[in-house]
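**Student:** whatever this is, show me its structure:
(chains A, B, C and D)
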Amino acid sequence: MTMHSITSSKLKTPEEAIDLIQDGDTLLVGGFGLCGTPLTLIDAIAMQTKAMNLTVISNNLGEAGKGLGKLLRTGHIKKAVGSYFTSNRDAVKAWKNGELEIELIPQGTLAEAIRAGGAGIAGFYIKTGVGTELAKGKEERIFNGERYILIEGITAKVALIKAWKADTLGNLIYSKSARNFNPMMATAAELVIAEVDEIVPVGELDPERIVTPHNYIDVIVESRYEKSGGIYVEKKS
Amino acid sequence: MTMHSITSSKLKTPEEAIDLIQDGDTLLVGGFGLCGTPLTLIDAIAMQTKAMNLTVISNNLGEAGKGLGKLLRTGHIKKAVGSYFTSNRDAVKAWKNGELEIELIPQGTLAEAIRAGGAGIAGFYIKTGVGTELAKGKEERIFNGERYILIEGITAKVALIKAWKADTLGNLIYSKSARNFNPMMATAAELVIAEVDEIVPVGELDPERIVTPHNYIDVIVESRYEKSGGIYVEKKS
Amino acid sequence: MLKKNHDYRIRIAKRIAKELTAGMVVNLGVGIPTLIPDFLDPNQGVFLQSENGILGMGPTPADEEIDMDCISASKHPVTLDLGASIFSSSDSFAMIRGGHIDVAVLGALQVSEKGEIANWAVPGKDILGVGGAMDLVPGAKKIIIAITHLTKDHSPKLVKELTYPSSGIRSAEMIVTEKAVFSIKDGVMVLEEIAEDTSLEEIMATTEARFQIAENLKYMHV
Amino acid sequence: MLKKNHDYRIRIAKRIAKELTAGMVVNLGVGIPTLIPDFLDPNQGVFLQSENGILGMGPTPADEEIDMDCISASKHPVTLDLGASIFSSSDSFAMIRGGHIDVAVLGALQVSEKGEIANWAVPGKDILGVGGAMDLVPGAKKIIIAITHLTKDHSPKLVKELTYPSSGIRSAEMIVTEKAVFSIKDGVMVLEEIAEDTSLEEIMATTEARFQIAENLKYMHV
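**Tutor:** Coordinates of the predicted model:
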């Protein structure tokens, strides 16, 4: 394999990429609401039935019928782990009907646990949640006279992330607040699939501006969405 | 105070900045060897005698007579906490003569402990050092059948860091591998003093390229060194 | 009544805006706190942090400048002020937990007389969201609570002890309602300011929490 | 003798270079590992990670292109390859500890017959440096040890049990000396290759560690 073959070997279609997911897998999915969400990969999941019963770790479940909300309607999601599901009324309904398991984690704890998972950190002590219902069952410990709880790192089988540009090696840069959970998720899964708006030649991204180095990325997929009036819409094919 | 007065209030001379350090203080000092080291601030410490008996947390102690090695010769350093002191023969000598206390921490553990200190994380579990002499006295714990040790976060009274450019608010960008420990150290001290090669107007740094946001920086000092043939030399005044 | 409630929320937001001074880094929670930017002078020098990864969040863009890659924590399009920076969620909450936010202005469902906050869950109802509030509670240097004095069914929100699930053991330093401003010092609630359209009697009647009255009790100006 | 030692080090570096294939992310420790880049074909597609914050470290620059802001972990000036990226020390060791480095090539003072590594301290001598080796030992997916077969005073470096302080409980997968290549499988050292200028008898005489001999024992080609 030469340098050239490395640089092209990560490129796949959304369908080829999603075919790597197995039934029952746990997925980290980037995004904050719909911002920085891999919409094309989600569409490709919705169109197949091989990989069902997914556990999705993501800050939200998109909105009703949009982003991860689409997969809730298609019945792909068994369990959701995240910080805020109230904004998707489908999620609330599905949970009430016993069709969806939910695990609630404070947003910063979720972000840090994913970073820890990718950084070889098995657990860490923070103040967030001390004395609340979300600390139940968690070990508490005093450091310098203050109460902390132990949070374990999070890893997953697969991460689906969204970046702005990738070079063909897989180095990534993000766009504004669409960065959010994506860089940590890129570090914390066995298989990392990055959906990007644009693929550029190696050398085009400033080494100081790269947020996710290429060794974190296994598969690169070009997005089937484009921005129109600042909003992501499906490309006309 | 208006926006204009905020943007100029952080600028100080090296001497004004160093005057904020007290005798016996613990200092985080950025750099890997001499790379990314705040040479001007070190020079200013060497020239004063108010703040002696310093504990310095830094990856190395520079080289003999250079960087932090200068402060070893001037007798300002009581204790050094870092990962590698062998490259400064003065440090080895001072330690043998009982003139310098040394605490050795693996490089990655040091980096992560400082990040934790700045991020409200009291402690974290990692594999580094398990079963070695450096794990003595540290709590060991099993996660998923593997051995980890507990490392506590590190914070300090003062951090002296080196960046490439600051805007007048205090946003920082770094140059290549001179980034090293500086971004974490900027988060982990009560008083953070940044030495920079160049100060630029607010708005000139790309928001996506900023590594250290301005709220971490208390004081900005312009370096008295410049690069000549790729090596930092004192500016001709 | 709805109009009146809106006026109250505006009054609360305006009063809190006066607390925010040059150089402060401020995180604004959902609800009333999101109204505050309208009452900040651009020259006031306040830096808004948004937990989804922005320091220096600016006002809502014109329609033709909307970029849904640039949103607030409430998921509305925003702009970037001069000097803004972008970072990941883990770096953002490292900033929050590590004590690098000067002020968090948070909504609440209840506040106890010691300043404890309940702002994420209602007993007996579904608990499906917590967001970033629980990180801000122990992390911010100062917490200001923005809250209407009474619930929709006219029950006090300032109570002796929380009956709603707590957001953490850390207390707020300041509470601003449409009727009054309270401080919390050493676990004691103190009435500092009173609105001109209410009375001490009314505040006493609508506040379950026990509070002291500041020696130099003032009118609340917005 | 010094010349000979140098030749040995080159041989070890060349042999290890052949293990590094396209797409691999490799961290090279101090000592013999730093010689390896000279024997990597630029088209070999190997990405060098340097723990001070570089992925895609390139060769030594021409004198006029030296920039001391861009150095290796051995503190020598380096260049950046196309596609390189820069990150902080904490992000670099997150990469290392988190299992994102394919191969770490490390020097060592001793290796036990189970593959345990001692590479940071000599008993009875001052211990004033540990660096990043102890992070790489548990972190890298594969560890290759680059080591001369004997110490300067002709003692075996491959020993039954470590008498020098251990660098961790994780074992190396491969050991390359000027005389031989060993693998470690399930805690057992296996002689895989033998240099053409030595003999099985010589290897047995200079190796304290017990080892098995691979069924398909090969000559060591560099």
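**Student:** grab the most central residue of chain A for me.
**Tutor:** Nearest residue to the geometric centre of chain A (C-alpha atoms, centre = their mean): residue A:29, 2.1 Å.
**Student:** ok, the closest residue to it other than its chain neighbours - contacts?
**Tutor:** Nearest non-adjacent residue to residue A:29, counting by C-beta to C-beta, 6 or more residues apart in numbering or on different chains: residue A:58, 4.1 Å away. C-beta: built from backbone N, CA, C; applies to glycine. Contact partners of residue A:58, counting by C-beta atoms under 8 Å, 6 or more residues apart in numbering or on different chains, are A:28, A:29, A:30, A:31, A:68, A:80, A:81, A:82, A:181.
**Student:** now those as CSV including pLDDT and secondary structure?
**Tutor:** Below are the contacts of residue A:58 laid out as CSV (pLDDT from 0 to 100; DSSP: H, G, I helix; E, B strand; the rest coil):
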residue, pLDDT, secondary structure
A:28, 98, strand
A:29, 98, strand
A:30, 98, coil
A:31, 98, coil
A:68, 97, helix
A:80, 98, strand
A:81, 98, strand
A:82, 98, strand
A:181, 98, coil
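**Student:** so which of these is the closest to chain D?
**Tutor:** Chain D lies nearest to residue A:28 out of those, by C-beta to the nearest C-beta, at 13.9 Å.
**Student:** how near is that closest one to residue C:216?
**Tutor:** According to C-beta to C-beta, to the nearest Å, residue A:28 stands 54 Å off from residue C:216.
**Student:** residue A:135 too?
**Tutor:** Applying C-beta to C-beta to residue A:135 and residue C:216 gives a distance of 40 Å.
**Student:** between the two, which is the more surrounded one?
**Tutor:** Here residue A:135 and residue C:216 are set side by side on neighbour count (other C-beta atoms under 10 Å in any protein chain shown), and the busier one is residue A:135, at 20 against 7.
**Student:** how close does that one get to chain C?
**Tutor:** Separation of residue A:135 from chain C (C-beta to the nearest C-beta, to the nearest Å) stands at 9 Å.
**Student:** and that residue, backbone torsions?
**Tutor:** Per-residue torsions, residue A:135: phi -90, psi 0 (degrees, to the nearest 10).
**Student:** which residues touch it?
**Tutor:** So residue A:135 contacts A:129, A:149 (C-beta under 8 Å, 6+ apart).
**Student:** any low-confidence regions in chain A?
**Tutor:** Applying pLDDT under 70 to chain A flags the ranges A:1-8.
**Student:** right, I mislabeled it, should have said chain C
**Tutor:** Scanning chain C for pLDDT under 70 picks out C:1-2.
**Student:** biggest helix in it by residues?
**Tutor:** Counting by DSSP state H, the longest helix found in chain C is helix C:2-17.
**Student:** and which of the contacts of residue A:58 is nearest to chain C?
**Tutor:** Nearest to chain C among the contacts of residue A:58, counting by C-beta to the nearest C-beta, is residue A:181 at 4.9 Å.
**Student:** pretty sure that closest one sits against residue A:59.
**Tutor:** Yes - using C-beta atoms under 8 Å, residue A:181 is in contact with residue A:59, at 5.9 Å.
**Student:** who touches both of these two?
**Tutor:** Taking C-beta under 8 Å, 6+ apart as the criterion, residue A:181 and residue A:59 both touch A:31, A:32, A:110, C:89.
**Student:** in those, which residue is surrounded by the most others?
**Tutor:** So for the shared contacts of residue A:181 and residue A:59 (other C-beta under 10 Å), the most neighbours sit at residue C:89, 31 neighbours.
**Student:** thinking again about what came up before, as a markdown table, the shared contacts of residue A:181 and residue A:59 with distance to residue C:155 would be great.
**Tutor:** A markdown table is the format used below for the shared contacts of residue A:181 and residue A:59 (distance: C-beta to C-beta, whole Å):
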| residue | distance to residue C:155 |
| --- | --- |
| A:31 | 37 |
| A:32 | 34 |
| A:110 | 33 |
| C:89 | 36 |
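**Student:** most widely separated two among those?
**Tutor:** A:31 and A:110 (12.4 Å; C-beta to C-beta).
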